[in-house]
Each structure stands twice: as structure tokens, then as C-alpha cells.
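Undergrad: Have a look; sequence and predicted model below, questions after that.
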Protein chains: 2
Amino acid sequence: MRTVGILGGMGPEATVLLMQRVIRATGAPDDSGHIHLIVDQNPQVPSRIAYLLEGRGENPAPVLAAMARGLQAAGAEALAMPCNTAHLFAPAIRDAVAVPFLDMVTLSVARARALAGAGGRIGILASPAVRKVALFEAEMEAAGLEPLYAEDEAGLLSAIRRIKAGEADAAARAVLGAASAFLLARGARVQMIACTEFSLIADAVAGDALVFDTLDVLVEAIGEFALGKDAEKARAAM
Amino acid sequence: MRTVGILGGMGPEATVLLMQRVIRATGAPDDSGHIHLIVDQNPQVPSRIAYLLEGRGENPAPVLAAMARGLQAAGAEALAMPCNTAHLFAPAIRDAVAVPFLDMVTLSVARARALAGAGGRIGILASPAVRKVALFEAEMEAAGLEPLYAEDEAGLLSAIRRIKAGEADAAARAVLGAASAFLLARGARVQMIACTEFSLIADAVAGDALVFDTLDVLVEAIGEFALGKDAEKARAAM
């Protein structure tokens, strides 16, 4: 069993959702089989969007680097960050520590490539900020994939706000369903949810789409890293 | 804003529940208003019950002391632990660090005293282990309170197991409701939930009982410690 450090708080609910999914995915019969996480639930990381898109506010990179160093010092043997947009600062995190960074963007593009094959179109269900900062563009291009985005950006933003306010209602679900159908109609059968608000209503996507959640890809990577050695030992003992 | 360290993982779901309730209680309009927590989600703390009641297994005290020191080193300015039974090891935690320990047992007994007055009978809705290890006895006695427990210990244990397995069903609710009515009939109008499984079905208690949740008492203390200075500043500025 190895310990994983979580750069959290962006937002705080997304970090709690990751922890819930790690518990559920591990499915241990008692406490001791669950994964040891050290979580820096820090909601005071400067706004990534304000710095990147609006050119105002503090640079989040040094804060994220300090959090990474703190988690490593506290015993984390790998790091993970349940916030897609913050991955634009992944190089600063990698440079700050000696332990591996389980990169949700890299892992999700690899999953998309495995599902769609070379030349595939990948639908991205996310906040408009993800398109604007070109979060997935470079890695998608390197993998021979083409990212596609839904056009109804005002609707997506409004749905995210409603879900943040605790209203994962029919209107929010209809927006996500329509965005998914829009992407499907343009040839993106493989779609990825890259927004923890949409993670909560993931079943509202179009029925024929092949959809995965970037948060779940990260949960799987955490489980494999934390339990990997034990899983190998258990197999060897069989 | 001050940072609070959480000795977590006992069990992992209780820690997630505490974090959810801290977010909900803070109710900030954006990320930056939420509370900074550093969480050691460590499900490998040796079993408190096995060590205390069965005299077997490793002593959890040194592990909890090491977790407390680690959280202090990582920047925690106070510590809290969302597990009632583990508070039997509170002295080892206090001895290990210089920062205050927000003691859920002490805080809950003070709340019970405020609600019931001197000489009051306090109903305790918890796992039978809480009675067996006499978790609340010394502090209740010092406060002039009398703790009362429900008799249906097999039913309570079975309800806890069902809720742990994800089945917060009518049977589990009926057990908690009957235990609450039993305590009420014996003069304990003030009752406290001291078990995070029962926190999830707290509305199943007897209608005439005055019930609070020890987890919520801890959530309030975390909020007051973390936001206290800012709240004072805001009042002074008004």
C-alpha cells in the first residue's frame, strides 16, 4: 500500500467527490483495506481562470508547487489533483517534487486514444474555460486526436452554476444531454466529462455516446498506484 | 483564516462526511471563502476497539501521535478527529503537538450540559463500543450529567453494519427510532448521536427528543477556529 497526496480545494466539493470515488472504487471490507491519502484541501489557491484568461490576480503556480512539496514532505509517494484546469500548471508541480504526478489530462487523453483509435474525434464536456485555455489541445494533437466542443457555452456555464448551487435539476441535465448529442452528431462518439459538476449528472449524456469521466480515470490511477504492489503480491501468492 | 488538520480515515467515510459538512456549514459564495483543511485520510490506524476491548493488536496511540505531528508540520494550526472512539487516545495527541486539539467529546459534553442543565440525563445513540469503553463517562460525571444507553445493542450493531454497506433502509431507521424512544421514555430528552453511520439517518430519531450530532459540534468548532479571526475583523469593520 502506497500513500497518495491530493492537491485539493479546487473546488472543495470536487476533492470530496474524488475521495468518495476512491473509497467506492477500492470497496474494501474494512477500514484497513482502504487507501491512505494525504489531502491538502486548499480553497485559497489563486484563481486559475482569472490568471490565465483575464491576466489578473496572483500566479497559482508557486502555491501549487508549495502544496506539492508539503505533501511530499508529509509522506506522499505520488501526487494527484482533481481539477482539470489546474493541470495547466502541471509542469510547476512536477518540477517541485521527486515523486510522480498522476496527470489527469495525460491519463484521460490516453484513455480517449484507446477508445477512439488514431484520428478519432473526442467530445469534451466541460466548462468553456477548458476550450479557451486549450487544456487538452497539445496532448490530443500529439495522440492524433481531434477535440470537439459543444457550442452552447452559455447553457453549459448556467448548468454548472445551477449544479454548484445544489440544483442538479432537469434543466441542467437537458443542457448536458443536448451538448452530448451535438458532439455525437458531429462524429465524436467517444466523449469525456472534464468538469466535476457534470460528473454528478453523467447519466444525462446521449445514449449512443461512449462517455468516460476524467475524474474516474484519476481514481483508477490512484488505486493502481496505491494498491499496485499489494495487488501484484496477492497475484503472486495465488 | 486559519488551517485545521484532520486526523482521518477512522473510517474513511466519516472523514468525507465531516468535509462535506464543513463545506455546507461554511456556505461560501466561491472557493476562496471555504476552509483550508489538511487531511490525513489514514485507514491503517490500528483498530481502537481491538486494542481497547479485546486486548489485541497494535496500540493506536503512537500512530495517532505521529499523524498529529505530521499535520502540525504541514501547517495545521489546530487538530480535529471525526471519530468518537478514537478520542480515548486524545491525551497522546495533545502531548504530541503544540497546537490545540478540538476535542469532539469535550465539546459534545459541554453542548449536552448547556441543553440539559445540571443533573440532566443524556441519551447516547452510538455503537455499543462507546458504552463498553466508557468514552463519555468521566466528562459527563464532571459536568454533573448522567449518560444513558439504549438496550438493543444487537439491533444497533446490525443497523450500523447495514448503513456501512450502503443500506440506510427502513429497518436501520426503525432501530434508531426505537432506541431514541427508549431513551426518551427513561428521561433523556437531550440525546446525542455519536456514530457517523447514525449521522446519515439522524432524522429517524423520536420526534420529542432534542437531538444533536457530535460530528456537527465538531464542524462548528472547526468553523469557529478557522474563521474566528476573520469573523471578528468583519464585525469590527461594520
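TA: On my side now, so go ahead.

Undergrad: domain assignment for chain A?
TA: A:4-103+A:215-235, A:105-214 (automatic domain parsing).

Undergrad: Go through the ones you listed and name the closest to B:T15.
TA: Closest to B:T15 of the domains of chain A is domain A:4-103+A:215-235 (CB to CB; 7.7 Å). Every residue, glycine included, has its C-beta placed from N, CA and C.

Undergrad: helix or strand right after the helix or strand harbouring A:L64?
TA: Per DSSP states H and E, A:L64 falls inside helix A:60-73. Downstream of helix A:60-73, the next assigned helix or strand under DSSP H and E is strand A:78-80.

Undergrad: how far out from the middle of the chain is stretch A:4-18?
TA: 10 Å (CA atoms, centre = their mean, to the nearest Å).

Undergrad: near chain B at all, that stretch?
TA: Yes. Using CB under 8 Å from any CB of the partner chain, we find that stretch A:4-18 touches chain B at A:G9, A:M10, A:G11, A:P12, A:E13, A:T15, A:V16.

Undergrad: before we move on, back to that, let's have the domains of chain A in TSV, adding mean neighbour count and mean pLDDT.
TA: Compiled in TSV, the domains of chain A are given as follows (neighbours: other CB atoms under 10 Å in any protein chain shown; pLDDT from 0 to 100):
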stretch	mean neighbour count	mean pLDDT
domain A:4-103+A:215-235	19	93
domain A:105-214	18	94
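
Undergrad: Moving C-terminal from the one helix or strand A:R131 maps to, which element do we reach first?
TA: For A:R131, the element it lies in under DSSP H and E is helix A:128-132. Using DSSP H and E, the helix or strand that follows helix A:128-132 in sequence is helix A:137-142.

Undergrad: packing partners for the helix or strand just after that following helix?
TA: Per DSSP H and E, the first helix or strand lying C-terminal to helix A:137-142 is strand A:146-149. Where contact means 3 or more CB pairs under 8 Å, 6 or more residues apart in numbering or on different chains; DSSP states H and E, strand A:146-149 is packed against strand A:121-125, helix A:128-132, helix A:137-142.

Undergrad: Alpha carbons only: can I get strand A:146-149 in PDB?
TA: The C-alpha trace of strand A:146-149 is given here as PDB (Å, rounded to 0.1, in the frame of the first residue of the first chain):
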ATOM      1  CA  GLU A 146      -9.200  15.900 -32.600                       C
ATOM      2  CA  PRO A 147     -11.000  17.600 -29.700                       C
ATOM      3  CA  LEU A 148     -14.600  18.900 -30.300                       C
ATOM      4  CA  TYR A 149     -16.600  21.200 -28.000                       C
END
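
Undergrad: So what touches it?
TA: A:119-124, A:126, A:128, A:130-131, A:136-137, A:140, A:183, A:186-188 (CB atoms under 8 Å, 6 or more residues apart in numbering or on different chains).

Undergrad: 10 Å - rerun?
TA: Residues from elsewhere that reach strand A:146-149 (CB atoms under 10 Å, 6 or more residues apart in numbering or on different chains): A:109, A:112, A:116, A:119-126, A:128, A:130-132, A:134-137, A:139-141, A:156, A:179, A:182-184, A:186-188, A:191-192.

Undergrad: what does stretch A:25-35 give?
TA: Around stretch A:25-35, the neighbours that count as contacts under CB under 10 Å, 6+ apart are A:1-4, A:19, A:22-23, A:216, A:219-220, A:222-223, A:225-227, A:230, B:9-14, B:41-47, B:164-165.

Undergrad: give me that answer again for 6 Å
TA: Here stretch A:25-35 makes contact (CB atoms under 6 Å, 6 or more residues apart in numbering or on different chains) with A:V22, A:V219, A:G223, A:A226, B:G11, B:P12, B:P43, B:Q44.

Undergrad: Among these, which lie within helices?
TA: A:V22, A:V219, A:G223, A:A226, B:P12 (DSSP state H).

Undergrad: A:D95: which of the residues you listed is nearest?
TA: A:A226 (23.8 Å).

Undergrad: In space, what's closest to that closest one - neighbours in sequence excluded?
TA: Excluding its sequence neighbours, the residue lying closest to A:A226 (CB to CB, 6 or more residues apart in numbering or on different chains) is A:I35, at 4.4 Å.
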